[in-house]
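Colleague: 3D, please:
(one chain, ligands or ions: 1)
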Amino acid sequence: PNHPGAAAGLVRQLSALPWSPPVSIDSINPKVIKTEYAVRGEIVSRAQLLQQELSSKASSLPFSEIVSLNIGNPQSLGQQPVTFFREVLALCDYPALLEKDESHALFSSDAIARAYRIVESIPGRATGAYSHSQGIKAIREEIAAGIAARDGFPANADDIFLTDGASPGVHMMMQMLISSEQDGILCPIPQYPLYSASIALHGGTLVPYYLNESSGWGLEISELKQQLDAARASGTRVRALVVINPGNPTGQVLTEQNQREVVQFCRDEGLLLLADEVYQENIYEETKTFHSFKKVARSMGFFDKDLSLVSYHSVSKGYYGECGKRGGYMEVTGLDAEVRDQLYKVASVNLCSNITGQILMSLVMNPPKPGDESYDNFTKERDGILSSLARRAQLMTDAMNKLEGVTCNKAEGAMYVFPRLNLPERAMKAAAAVQMLPDVFYARRLLDATGIVVVPGSGFGQVPGTHHFRCTILPQEGKLPDVIAKFTQFHERFMEEFRD
Ligand SMILES: Cc1ncc(COP(=O)(O)O)c(CN[C@@H]2CONC2=O)c1O
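Modeller: Numbering: from 1, shown residues only. Modelled structure (predicted):
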């Protein structure tokens with residue numbers, strides 16, 4: 001052991017031993033293995049491989065591009081950002097621009113004034129510093145004022161937690177609520193798989209309640225009650241009810257009466273209401289109006305001492321579609337102060353959300369007003385995008401309903417159609433023969449034939465024995481007819497191939 005070469009010799013001996021990675025698929029957290037997120041699942045993975053094939057050589061594929069209709073990502077399909085929002089963000093990102101005369105030739109006066117006000121409200125004018133863990137106080141005050149203006153009821157800046165998109169806010173609440181598998185969360189089926197994924201990651205239990213496809217994806221209190229009682233009878237401690245309004249993937253917009261019933265149900269059954277309202281500005285059905293659950297609860301006379309409610313919003317949807325900027329909030333009301341303190345502690349572990357997303361969230365909640373220099377251009381951009389989305393929602397719904405064996409509820413809101421596939425028996429058998437679920441088989445064949453990427457309905461959950469897929473309504477209007485034509489041609493050939 002004292003020999004100078006001994007250590008080197010020992011190292012050589014050790015290095016000769018077979019080395020294996022310290023982390024293996026068998027040694028990572030099994031909750032991670034169990035987690036699935038179909039919006040970027042197996043079909044998307046194959047699409048990425050095909051994209052590489054398209055990029056690497058003159059392709060033998062029967063299409064020239066991948067059309068990603070699997071994800072609600074408007075700007076990736078050509079939607080333009082809102083000018084006023086980007087002007088304010090640019091100025092806040094580089095505050096020195098505010099001191100330059102040239103800026104007045106480049107930026108609208110109200111964007112300069114807004115950016116100046118925001119920068120001045122940040123301690124040290126430091127848009128690069130960590131902020132308060134719930135977000136910059138002045139930003140939260142602006143958002144609270146926007147909520148109050150929307151609802152006609154007060155909102156408190158200290159109830160706002162600014163997050164990097166709505167997703168982290170959902171994870172934070174699941175982290176707070178789920179202690180073990182005994183803790184259940186009532187979720188709509190079909191649901192946006194952030195919820196099933198987060199519940200799985202935190203080791204809880206998803207308690208399903210089925211939306212009624214035959215009544216336009218209606219949310220029935222009787223179904224909620226039946227599922228809640230069954231879960232409780234099996235020993236599950238049901239903590240919360242998730243409602244996504246407008247719905248993803250289903251696109252329904254709840255009636256105010258239905259919302260009142262949901263609020264009453266949560267109050268009566270002692271459930272925290274998790275209201276996912278990220279599509280609140282994506283309403284296309286003229287007979288429907290968005291009402292926040294906060295407004296509905298307050299209008300029923302339920303305040304902080306009467307109901308626990310967490311409301312989510314995001315900069316990823318609406319007419320802004322700023323998904324990559326990662327802005328969002330959760331408005332937390334009706335929780336005990338000591339619970340709020342624990343939530344704050346969890347938020348503080350991540351220090352703060354990104355400042356750009358925080359600023360953008362405040363712009364979404366307080367956009368240009370009549371008389372502002374940007375107002376006319378802003379309303380032109382906003383109304384242009386929303387009216388186009390409404391037309392595309394109708395176009396896609398109609399196109400789906402023209403397909404043989406397909407029925408599709410109208411997309412009243414959000415950004416998706418979720419058609420039901422009634423496949424021939426031979427198609428079902430062909431799927432089984434390759435160990436695929438029928439809607440995965442269909443989505444895979446669609447991708448391989450056209451380059452169009454959709455998400456199989458099994459990725460959102462569906463009534464057993466039914467099959468769907470989710471497709472966004474997002475291709476720009478000039479391109480949508482071509483996408484629909486490709487889709488239709490594929491479907492006709494598919495049905496011909498597998499006709500019973
Ligand atoms: C209902 C719902 N809630 C929350 C989120 C999370 O959004 P952010 O974290 O970006 O704020 C999404 C995103 N929609 C996903 C992403 O694109 N397609 C979807 O279905 C969503 O659809």
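
Colleague: quick one: name the residues of this structure near the ligand.
Modeller: By CB under 6 Å from any ligand atom, the part of the chain that sits against the ligand consists of 39, 71-73, 165-167, 192, 194, 244, 248, 276, 278, 314, 316, 323, 328. The way it works is simple: take the backbone N, C-alpha and C, and place the C-beta from them, glycine included.

Colleague: try 8 Å this time
Modeller: Residues of the chain lying close to the ligand by CB under 8 Å from any ligand atom are 39, 70-73, 163-168, 170, 192-194, 244, 247-249, 276, 278-279, 312, 314-317, 323, 326-328, 414-416, 470, 472.

Colleague: any regions of the chain where pLDDT drops low?
Modeller: The model of the chain has pLDDT under 70 over residues 1, 4, 14, 58.

Colleague: isn't residue 466 right up against residue 457?
Modeller: Yes - contact criterion CB atoms under 8 Å: residue 466 and residue 457 qualify, at 7.5 Å.

Colleague: tell me the secondary structure at residue 76.
Modeller: Secondary structure state of residue 76, per DSSP: H, G, I helix; E, B strand; the rest coil, is helix.

Colleague: how near is the closest residue to it other than its chain neighbours to the ligand?
Modeller: Excluding its sequence neighbours, the residue lying closest to residue 76 (CB to CB, 6 or more residues apart in numbering) is residue 68, at 6.6 Å. Relative to the ligand, residue 68 is positioned 10 Å away (CB to the nearest ligand atom, to the nearest Å).

Colleague: what about the residue in the stretch 1-150 of the chain that the ligand sits nearest to, how many neighbours?
Modeller: With CB to the nearest ligand atom, the shortest gap between the stretch 1-150 of the chain and the ligand falls at residue 72, namely 3.4 Å. Residue 72: 25 surrounding residues under other CB atoms under 10 Å.

Colleague: phi, psi of the nearest residue to it once chain neighbours are set aside?
Modeller: Closest residue to residue 72 apart from its sequence neighbours, by CB to CB, 6+ apart: residue 415 at 4.4 Å. The phi/psi pair for residue 415 (degrees, to the nearest 10) reads phi -140, psi 20.

Colleague: please verify my assumption that residue 415 contacts residue 388.
Modeller: No - Residue 415 is beyond contact range of residue 388, at 12.0 Å (criterion: CB under 8 Å).

Colleague: higher neighbour count, these two?
Modeller: Shown here are residue 415 and residue 388; by other CB under 10 Å, residue 415 has more neighbours (28 against 16).

Colleague: list the contacts for the more buried one?
Modeller: Applying CB atoms under 8 Å, 6 or more residues apart in numbering to residue 415 gives the contacts 72, 74, 248, 279, 282, 317, 389, 472, 473, 474.

Colleague: so which of those residues belong to strands?
Modeller: residue 472 (DSSP state E).

Colleague: so which of the contacts of residue 415 comes closest to residue 221?
Modeller: Nearest to residue 221 among the contacts of residue 415, counting by CB to CB, is residue 248 at 21.1 Å.

Colleague: once you drop chain neighbours, what's closest to the closest one?
Modeller: Using CB to CB, 6+ apart and skipping residues adjacent in sequence, the residue nearest residue 248 is residue 192, 4.3 Å away.

Colleague: where does that neighbour land in three-state SS?
Modeller: coil.

Colleague: repeat that for residue 313.
Modeller: Assignment for residue 313 (three-state DSSP): strand.

Colleague: was I right about it contacting residue 166?
Modeller: Yes - here residue 313 reaches residue 166: they are 6.7 Å apart, a contact under CB under 8 Å.

Colleague: which one of those two has more residues nearby?
Modeller: Neighbours were counted for residue 313 and for residue 166 using other CB under 10 Å; residue 313 has more, 31 against 24.

Colleague: is residue 469 located within a strand, as I assumed?
Modeller: Yes - assessed with three-state DSSP, residue 469 lies in a strand.

Colleague: mind giving me the packing neighbours of the helix ranked longest in the chain?
Modeller: Ranked by residue count, the top helix of the chain under DSSP state H comes out as helix 375-402. Contacts defined by 3 or more CB pairs under 8 Å, 6 or more residues apart in numbering; DSSP states H and E place helix 375-402 against helix 83-93, strand 416-417, helix 480-497.

Colleague: what's the next secondary structure element after it?
Modeller: Downstream of helix 375-402, the next assigned helix or strand under DSSP states H and E is strand 406-407.

Colleague: that older thread, list the contacts for the residue nearest to residue 76?
Modeller: Contacts of residue 68 by CB under 8 Å, 6+ apart are 44, 47, 76, 77, 453.

Colleague: can you select the buried ones among those residues for me in ChimeraX?
Modeller: Applying 16 or more other CB atoms under 10 Å to the contacts of residue 68, the buried members can be selected in ChimeraX as follows:
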select :44,47,77,453
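
Colleague: which single one of the contacts of residue 68 is nearest to residue 206?
Modeller: Among the contacts of residue 68, and counting by CB to CB, the member closest to residue 206 is residue 44, at 22.2 Å.

Colleague: pretty sure the closest one is touching residue 453, no?
Modeller: Yes - contact criterion CB under 8 Å: residue 44 and residue 453 qualify, at 6.2 Å.

Colleague: what touches both of those two?
Modeller: Shared contacts of residue 44 and residue 453 (CB under 8 Å, 6+ apart): 68, 70.

Colleague: wait, what's in contact with the residue nearest to residue 248?
Modeller: Residue 192 neighbours (CB under 8 Å, 6+ apart): 39, 244, 248, 249, 276, 460.

Colleague: can you check residue 236 too?
Modeller: Applying CB under 8 Å, 6+ apart to residue 236 gives the contacts 182, 183, 184, 205, 207.

Colleague: now do the buried residues in the longest helix of the chain.
Modeller: For helix 375-402, using 16+ other CB under 10 Å, the buried residues are 375, 378, 381-382, 385-386, 388-390, 392-393, 395-397, 399-400.

Colleague: and for the residue of the chain at minimum distance from the ligand, the neighbour number?
Modeller: Closest residue of the chain to the ligand, CB to the nearest ligand atom: residue 165 (2.7 Å). Residues near residue 165, counting by other CB under 10 Å, number 25.

Colleague: any idea how far it lies from residue 173?
Modeller: 14 Å (CB to CB, to the nearest Å).

Colleague: repeat for residue 151
Modeller: For residue 151 relative to residue 173 (CB to CB), the value is 21 Å.

Colleague: and the two? which has more neighbours close in?
Modeller: More crowded of residue 151 and residue 173, by other CB under 10 Å: residue 173, with 25 against 19.

Colleague: now do the contacts for that one.
Modeller: Contacts for residue 173 (CB under 8 Å, 6+ apart) come out as 240, 272, 274, 310, 330.

Colleague: isn't there a helix covering residue 43?
Modeller: Yes - residue state for residue 43 (three-state DSSP) corresponds to a helix.

Colleague: hang on, it packs against residue 444?
Modeller: Yes - Residue 43 is within contact range of residue 444, at 6.3 Å (criterion: CB under 8 Å).

Colleague: higher neighbour count, these two?
Modeller: residue 43 (22 against 18).

Colleague: burial measure for the closest residue to that one other than its chain neighbours, as a count.
Modeller: Among residues not flanking residue 43 along the chain, residue 443 sits closest, at 5.0 Å (CB to CB, 6+ apart). The local packing of residue 443 (other CB under 10 Å) involves 32 other residues.
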